[in-house]
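Visitor: Everything below, folded, please.
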Amino acid sequence: MRCYSLKEFPDEVNNLISLRHVYFDKSMKFPFGMGQLTDLRTLPHFSVGKERGRGIEDLDSLNQLKGELTLSKLEHVRDRDKARKAKLEDKKNLRHLRFVWTEDMSTTNNNDEDVLEGLQPHSEFESLVIEHFKGAKFPSWMMSRSLPLNNLKKIHLRRCNKCEGVPTLGHLPNLQHLRIDRMAELKCIGADFYGYNLVYNATRSRKETTTLFPALKQLSISECRELIEWMEAPKLSTEVFPCLEELHILNCPKLRNAPSHFPLLKDLWISSCDNVQPLKNITSRLTSLTSLTIDLNKKITSLPKGMLESNKNLTSVEILSCEKLACIAPNVLGCCTSLQKLHVYDCKKLRRLPDGIDTLPLLEKMTIRECPRLEFIPMTHGMASLRKLHIDSCGGLSGLPSGLQYCTSLQALSIMGCGNLTVIPVTHDLSSLRTLKIGDCEGLSCLPSGLEHFSSLQELSVWNCPIVTSIPISNGVPFTSLQVLEIENCMELSSFPALEFCPSLRKLMIRNCPKLAFISALSLTNPLPSSRSENFTSTSLDSLEYLSIRSCSNLHSIPDLDSFTSLRQLWIHNCERLEIRATSLCVSLEELKLTSLPKPESIPSLDNLTSLCMVAIYDCGNLKIFPRGLHCLTRLKTLTIGGFSEELDCFPDFPILSRLKRLTLRGWPKLKSLPQQIQHFTSLTHLCIMSFDGVEALPDWLGNLTYLWQLEIVNCKNLMYLPTVKAMQRLTNLLNLEIRCCPFLGERCTAETGSEWHKVSHILTFKVVDSESCRVLKLCDAST
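Guide: Numbering: from 1, shown residues only. Below you'll find the predicted structure:
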């Protein structure tokens, strides 16, 4: 059961003496006398209080507890003897313990060491978390064989800000996960960390090799900003970290030394460690590494030579935000014959990638991003295994490698933000290419030629290439594989391929191409035989499902809309010269948006469009009548309509749509009232009224819309009055009211003093937005 408003348990809970399981979060206050519930098995959190009945001693009789227990506000425990009264050593079924002090650094008590010493648990527990501990050293029971913590598998030390060292842990036989996090005063991880003497004394009689951290698999040291040195373990007959697979050292900027013996390490992540020596040490003897991430190193200028030469199983290398990195030595990556993923990101001074990357036989994915000085990618022979190549924001790159055309397995190619590129040297030899994305390449004059010969290409996207003039799909050769074509912000684009040559096209999006004059269905230069032309509309455009044409100011001709027999979504917006030519629309349409089109005087009938769920027809300045058939749209849920010819002094005839859920009405200056038919739209849940400058008062019949729960009133400059109080009170489901850019009404709805305030004060969320700056002037929440 979730009771979000419940702040504390009733006092009577402690009478439930057979209660076994209690679940709650740390914010809930539990009752006095929890110690009476001696059958309790589950108690996730115990917050120590100063008052009687909430002290640490109330845990003494709860010996049936099992699973996890968090003890918080331990600053309220007086001393070691008081802590011992919790009798944690008697709670044999507890497996996960978390000890938490309050973070407030102003606490003056200096008893944290004493208290933690007294919280000695039983020897069978499995995980330990210590947070905000303010002692200088950790308890003896963590570092002694007198309490054999043979089952302890996980330790997390977090924000222990007074500790200059870490506890001895290398002797723990089953410790698998260790996190050391945000220890502000930690300066050295010394020899004591390994527990050599504890292990050596236990094994010397058997003349065994001394193994330290014998089971540790994951080690993370993070946000220890004063850490300077991590020392090696004693070397005499010692094996260290024999099972460690994952090592993360994050945001330890002063670290200048680290161990070098990690025989099974697979995953290494070093971030925000400015000295290169820890990286050199750790990688110097590695042979098992599979993943390497170097991140946010401010001082490294080059990667150490030979640092990875023995790691034949390395599959992933990521070099991120190394702002001074200028080069990567050839032998760093050239020996990584198993490398599958290379990601270089935000290396501002990197000028070239290392020679030899095109010899990596298994490299499948390469990403180069935000390396503005990169001048050269050494790829002359091609990379037979490369599947994905992404180059982004490399402004200094003036050419792509010639070997790109030999990457015969390439499936996805993205070239973005490379303003100096003039050509992209790919040919139809890239028979596996499925996705080609080219964007923000201001110097690119043309796209790769003969795109129709890329036999597997399914998606082509081009944007922000201002001097590209055409899409090079030759007329006469079908481009049978292409399914998605997106063209955006290509300011010089003046010609477009005939759609008959893209018979598999499912999505076509064209936006902001001001010089594009027409889009044709049939080729003009290679006219079809008459027999083929007659059958064209039933065979060539029947795959297109999504068509969006926006902000093409010179466009005056597109194929008849009834040619697209499978179309589901149609959006034509802000094409000032375009007329809509069609006697009907595709019956499969589900969304129709015809907006900001000044030319059309009529819209094709909608009466057969039984799948239509959403219609938006607005800002069509020549339109004087509604499209026929609105009343036939039984599945219509969302309608945005209005902004018609300014010659009209009232809305055109409006059919009653009793199942409509969302309605946006857009007016024009001559309108003095809302269309009265709206009062019969009794299923409406959302209503937006926009740009009715001639309306001064909203009608009382709005109160008939009893299912309405959101009402928006936008840009009605002369509106002053809401419906009457009685009408507003009939809107019993109204939860949200927003008044935006309505200066008079907004002022009259001022909280407490406005003349219209009493009509809206009961609404759960009420917002007024300023008409000029769009600042939120009033935000009232009735729930508070």
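
Visitor: only C-alpha atoms for contact and neighbour calcs from this point on.
Guide: Noted.

Visitor: Which parts of the stretch 201-350 of the chain are strands?
Guide: 210-212, 218-222, 229-230, 238-240, 246-250, 267-271, 291-295, 316-320, 341-345 (DSSP state E, counting those that start in this stretch).

Visitor: same check, this time on the stretch 501-650 of the chain
Guide: Remark: strands assigned in the stretch 501-650 of the chain by DSSP E, counting those that start in this stretch are 507-511, 546-550, 569-573, 591-595, 614-618, 638-642.

Visitor: Quick check: which of those is nearest to residue 401?
Guide: With distances scored as Cα to Cα, the stretch of those nearest to residue 401 is strand 507-511 (30.1 Å).

Visitor: Parallel or antiparallel, which strands does the closest one pair with?
Guide: Strand pairing for strand 507-511, determined by DSSP bridges: strand 484-488 (parallel), strand 546-550 (parallel).

Visitor: so how far is the last one off the chain centroid?
Guide: Computed by Cα atoms, centre = their mean, to the nearest Å, the separation of strand 546-550 from the middle of its chain amounts to 27 Å.

Visitor: What sits closest to residue 654 if chain neighbours are left out?
Guide: Spatial nearest neighbour of residue 654, excluding adjacent residues (Cα to Cα, 6 or more residues apart in numbering): residue 677 at 6.5 Å.

Visitor: hang on, that neighbour packs against residue 652?
Guide: No - counting by Cα atoms under 8 Å, residue 677 does not reach residue 652; the two are 10.9 Å apart.

Visitor: Could you report the neighbour count for residue 90?
Guide: 18 (other Cα atoms under 10 Å).

Visitor: OK, contacts around the residue nearest to residue 654?
Guide: 654, 655, 656 (Cα atoms under 8 Å, 6 or more residues apart in numbering).

Visitor: can you pull the pLDDT of residue 27?
Guide: pLDDT for residue 27: 56.

Visitor: Including distance to residue 246, mean neighbour count and mean pLDDT, could the strands of the stretch 501-650 of the chain go into JSON lines?
Guide: Below are the strands of the stretch 501-650 of the chain laid out as JSON lines (distance: least, Cα to Cα, whole Å; neighbours: other Cα atoms under 10 Å; pLDDT from 0 to 100):
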{"stretch": "strand 507-511", "distance to residue 246": "44", "mean neighbour count": "19", "mean pLDDT": "97"}
{"stretch": "strand 546-550", "distance to residue 246": "47", "mean neighbour count": "19", "mean pLDDT": "97"}
{"stretch": "strand 569-573", "distance to residue 246": "49", "mean neighbour count": "21", "mean pLDDT": "96"}
{"stretch": "strand 591-595", "distance to residue 246": "50", "mean neighbour count": "21", "mean pLDDT": "96"}
{"stretch": "strand 614-618", "distance to residue 246": "52", "mean neighbour count": "21", "mean pLDDT": "95"}
{"stretch": "strand 638-642", "distance to residue 246": "52", "mean neighbour count": "20", "mean pLDDT": "95"}
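
Visitor: CSV for these, including distance to residue 668?
Guide: CSV is the format used below for these (distance: least, Cα to Cα, whole Å):
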stretch, distance to residue 668
strand 507-511, 27
strand 546-550, 23
strand 569-573, 19
strand 591-595, 15
strand 614-618, 11
strand 638-642, 8
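
Visitor: out of those, nearest to residue 288?
Guide: Closest approach to residue 288 among the strands of the stretch 501-650 of the chain (Cα to Cα): strand 507-511, 46.4 Å.

Visitor: C-alpha coordinates for the closest one, PDB please?
Guide: What follows is strand 507-511, C-alpha atoms only, in PDB (Å, rounded to 0.1, in the frame of the first residue of the first chain):
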ATOM      1  CA  LYS A 507       8.100   8.700 -45.300                       C
ATOM      2  CA  LEU A 508       8.800  12.000 -47.100                       C
ATOM      3  CA  MET A 509       9.600  15.200 -45.200                       C
ATOM      4  CA  ILE A 510      10.600  18.400 -46.900                       C
ATOM      5  CA  ARG A 511      11.100  21.600 -44.800                       C
END
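
Visitor: what does that strand contact?
Guide: 483-489, 544-552.

Visitor: what's the offset of that strand from the middle of its chain?
Guide: Distance, centroid of strand 507-511 to centroid of chain: 25 Å (Cα atoms, centre = their mean).

Visitor: angle of that strand against strand 569-573?
Guide: 10 degrees (axes from the mean of the first three to the mean of the last three Cα atoms, to 10 degrees).

Visitor: how near is residue 630 to residue 596?
Guide: 20 Å (Cα to Cα, to the nearest Å).

Visitor: what does residue 308 give?
Guide: To residue 596, residue 308 is 60 Å away according to Cα to Cα.

Visitor: Same drill for these two, tell me which one is more crowded.
Guide: residue 308 (25 against 20).

Visitor: got a list of what the more buried one touches?
Guide: By Cα under 8 Å, 6+ apart, residue 308 lies in contact with 283, 284, 286, 332, 333, 335, 336.

Visitor: burial of the fifth one, as a residue count?
Guide: To tie it back to what came earlier, the one meant is residue 333. Neighbour tally, residue 333, other Cα under 10 Å: 25.

Visitor: wait, it sits on residue 359?
Guide: No - contact criterion Cα under 8 Å: residue 333 and residue 359 do not qualify, at 9.9 Å.

Visitor: elements contacting the helix or strand containing residue 69?
Guide: Using DSSP states H and E, residue 69 falls within strand 66-72. Under the contact criterion of 3 or more Cα pairs under 8 Å, 6 or more residues apart in numbering; DSSP states H and E, strand 66-72 touches strand 45-47, strand 93-100.
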